[in-house]
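> below: sequence and its predicted model.
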Amino acid sequence: MRVCVVGCGVVGSFLSLFLKERGVDVTAISRRRRYPRIGLIQSIMQKHPADIYAARRTRELYLEISRRYNIDDVLTYVRSYTVVRKEKEEHVDKLVEQWKKNGVSIEKLERDSLKEIPFKHYEDEIIYLCTNDTIVRIDKLIDKIWNIVNVKKHNVEIKGSIENVKIYVDGRELKKKFDKIVICCGSWTRSLLRKVGITLPLLPYKCQAGLFALSTRDSNYILYDYVNKTYVRPCGELSKLRIGREKLMVAGNGNTPPMEPEEKAEVEPWFADEIIPKLRRRFEKVRYLKGSAGFCDTTPDARPIIASFGSLIAVSGFDGYGAEIGPAVAEIACKVILDEPLNELERSFLVDRFGTGVEASSLPEVEAHEL
Ligand SMILES: Cc1cc2nc3c(=O)[nH]c(=O)nc-3n(C[C@H](O)[C@H](O)[C@H](O)COP(=O)(O)OP(=O)(O)OC[C@H]3O[C@@H](n4cnc5c(N)ncnc54)[C@H](O)[C@@H]3O)c2cc1C
């Protein structure tokens, strides 16, 4: 079987690897590879049962692949705090039961242990402490996979029709014929597929984060702040540095309204003004140092899709959680390509859940991995 994978970010890289390991002749092409050296959050604390399953499987895959190909220090275990308003307590308690069954070490903090918490908190909040959340060095994994599958660095366009898809690499038609062509281009997937007349419920947008100096006792934790709709996380080696008495951490959630992706993502001028007041509710001192932005894509229910149109398959819509569940969804896409049966949870990633002809026009209220 011959498969062409277009776009080797998180999802396309893992998919190419799984196909190659199954003996498929894979041609993998992607424009660029750029992931932060501080890693991305990989948490099993998801809402949807299929996402919990996929996040757990993704963590296993990270460990298996790093062992198989000798990639050091891929996962760093870190504690995380989930902060919600009291009204959400019952809802989160139910999720906590599911998370515990899936290997998450998590407890609701009692009043007397709140003194130990390295950020400000308030009477009407409930705080959960997880002691085995992780940061994944996705950059290291993707670098290695690009070598193993020999990803070619080019721009791809697709033309023609669903029945007869033509692939153009840097403007020249690729003569090699494929049994399947898989598009895993993240925020570019929607515009690529439109060229062959396919409309999918995908919506691209810009996602922003920043490096901040914060007054916090230590900086080796993730804070999922669902009250202020932000997150704060460690920033690798930089976390050991100080600016005066402040520690460096990354904070984010400056999503823009839907917009077409550009090759270079600039941070919006309003980003710092929007996030600083939210951070001030947690930290006495907040200093914005530098922003960073990238493009993501989403769907009406904020969960990714696997969509098949004859020989053409799209795997996209990973929001801000592609490193949390992407490799497991790539494994499911591999089964779809090889025509293997899916279980019920795996089937929930198929685009069929939206019916036909559904388009996405606005961003979901919260992302699938957010409470
Ligand atoms: C600031 C920020 C912070 C984030 N933090 C986290 C986090 O902590 N945890 C987490 O899980 N997720 C996080 N995400 C989200 C995560 O990065 C995405 O969910 C993930 O990258 C989606 O994976 P993907 O493979 O679908 O797309 P991408 O990773 O975007 O990969 C798409 C690939 O396709 C290539 N491509 C596109 N068009 C073409 C073309 N025409 N020809 C050839 N190649 C093409 C691109 O160059 C790219 O390599 C964050 C995102 C941002 C922007």
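Everything's here; your move.
> what residues does this protein put near the ligand?
When proximity is defined as Cβ under 6 Å from any ligand atom, the chain approaches the ligand at 6-12, 29-33, 40-41, 155-156, 184-186, 188, 192, 207-209, 252, 292, 294, 296, 316, 318-324, 326. From N, CA and C alone the C-beta is placed, and that goes for glycine too.
> list the contacts for the residue of the chain found nearest the ligand?
Here the chain gets closest to the ligand at one residue, G9, 1.9 Å apart by Cβ to the nearest ligand atom. Applying Cβ atoms under 8 Å, 6 or more residues apart in numbering to G9 gives the contacts 30, 33, 35, 142, 184-186, 322.
> buried subset of the residues of the chain next to the ligand as a ChimeraX selection?
Of the residues of the chain next to the ligand, the buried ones go into a single ChimeraX selection, burial set by 16 or more other Cβ atoms under 10 Å:
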select :6,7,8,9,10,11,12,29,30,31,40,41,156,184,185,186,188,192,207,208,209,252,292,294,296,316,318,319,320,321,322,323,324,326
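> in the helix or strand hosting Y128, what counts as buried?
Using DSSP states H and E, Y128 maps to strand 125-136. Across strand 125-136, burial judged by 16+ other Cβ under 10 Å covers 125-130, 133-136.
> same thing with stretch 185-204?
Across stretch 185-204, burial judged by 16+ other Cβ under 10 Å covers 185-190, 192-193, 196, 198, 200-204.
> same thing with stretch 246-266?
Those buried within stretch 246-266 under the rule 16+ other Cβ under 10 Å are 246-256, 258, 261, 265.
> could you give the mean pLDDT of the helix or strand that the strand holding Y128 is followed by?
Next along the chain after strand 125-136, taking DSSP H and E as the criterion, comes helix 138-149. Across helix 138-149, pLDDT averages out at 97.
> helices of this protein, residue ranges please.
Secondary structure of the chain, counting by DSSP state H: helices at 10-21, 49-68, 89-101, 138-149, 189-194, 271-280, 322-337, 344-347.
> distance to D218 added to those, as a markdown table?
Formatted as a markdown table, the helices of the chain follow (distance: least, Cβ to Cβ, whole Å):
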| stretch | distance to D218 |
| --- | --- |
| helix 10-21 | 29 |
| helix 49-68 | 24 |
| helix 89-101 | 24 |
| helix 138-149 | 24 |
| helix 189-194 | 40 |
| helix 271-280 | 16 |
| helix 322-337 | 24 |
| helix 344-347 | 37 |
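> mind checking which of those helices is nearest P304?
Closest of these to P304 is helix 322-337, at 5.6 Å (criterion: Cβ to Cβ).
> what about the closest one, distance to the chain center?
12 Å (Cα atoms, centre = their mean, to the nearest Å).
> I'd say A314 and L200 touch.
Yes. At 6.2 Å, A314 counts as touching L200 under the criterion of Cβ atoms under 8 Å.
> joint contacts of these two?
189, 193, 305, 307, 351.
> could the residues you listed go into JSON lines alongside distance to R242?
Formatted as JSON lines, these follow (distance: Cβ to Cβ, whole Å):
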{"residue": "T189", "distance to R242": "41"}
{"residue": "L193", "distance to R242": "47"}
{"residue": "I305", "distance to R242": "44"}
{"residue": "A307", "distance to R242": "48"}
{"residue": "V351", "distance to R242": "48"}
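> bridging residues for V286?
Here V286 shows beta-bridge partners L214, assigned using DSSP bridges.
> the worst-scoring helix or strand of the chain on mean pLDDT: partners in the sheet, and parallel or antiparallel?
Least confident helix or strand of the chain, by mean pLDDT, DSSP states H and E, is strand 242-243 with a mean of 85. Strand 242-243 has its sheet partners listed here by DSSP bridges as strand 246-252 (antiparallel).
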